[in-house]
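J.: need coordinates for the following:
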Amino acid sequence: MEMFIREELMHQERLEAAGYRSPTWKVLRSLQSLLSATQLKGESAVMALPFFPNAGRGTVRFWGNEQGPTVFLWDGLDEEGREECERAIQTRKDGAVWSRARPMTEGDGTQRGFDHVGKTAFCGKAKRSKKEQGEPEAEEGMEDEAPNRDVNVSGRVRRQKGRWKRGVVETKLNTVKMTAWVHKECDNIDENALLRLQGAWETRHGRMSA
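T.: Predicted coordinates for the structure are as follows:
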């Protein structure tokens, strides 16, 4: 168990060092509701949220079983987990993929497996300003996809870097476009969940809430 926890901590640190930030509880609950998901795939055991009965990453099992409709956090998956996600989204219609609209690696034109078999159920746009009520720009080297740096930011949907170490509950501004993908033949999306996801994306509160 000690080795498992250490490996998960290292995985989370690698993700965050590369610029990844975890979505808030509100966003994950909304994603879960899209297709009544019972499983979360991605990130690490130190950040996975307990309202999913099953959670893991690739062949790594955090808790529960390997079953049920799934939410994939694409940018929080390792190579093995992404291969699994691509297979699942091509063969199943009960999965939702939360990912950046564009790959994290600049200049990476590689088509992701869900790009050609999936469709966008939700797209959260982000435009960043230089300051918002005296708050400095987002730090930590996050790249900015917004073409205009002088327009208002959208809401707060990202948990802070290293919050699992420091116990902070403040959230961070959206600085990149994010999308929720589903299989192109999926026709049973909960419309109320989409509204909740839009609301979660636009929230202006600086602290996490369920």
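J.: quick one, strands of the chain?
T.: Listed in chain order, the strands of the chain (DSSP state E) span 39-41, 54-57, 60-63, 70-73, 95-100, 118-124, 156-159, 171-173, 178-183.
J.: comparing the ones you listed, which gets the lowest mean pLDDT score?
T.: Per-stretch averages of pLDDT across these put strand 156-159 at the bottom, with a mean of 49.
J.: for the longest helix seen in the chain, packing partners?
T.: Longest helix in the chain by number of residues (criterion: DSSP state H): helix 2-17. Contact here means 3 or more CB pairs under 8 Å, 6 or more residues apart in numbering; DSSP states H and E; on that basis helix 2-17 packs against no helix or strand. Placement of C-beta: from N, CA and C, glycine included.
J.: what mean pLDDT does that helix get?
T.: Across helix 2-17, the average pLDDT comes to 90.
J.: where does this structure dip in pLDDT?
T.: Applying pLDDT under 70 to the chain flags the ranges 104-110, 127-174, 204-210.
J.: what's the straight distance from one end of stretch 83-100 to the other?
T.: Taking CA to CA, to the nearest Å, stretch 83-100 runs 17 Å from one end to the other.
J.: chain center to it: distance?
T.: The chain centroid and the centroid of stretch 83-100 are separated by 13 Å, computed with CA atoms, centre = their mean, to the nearest Å.
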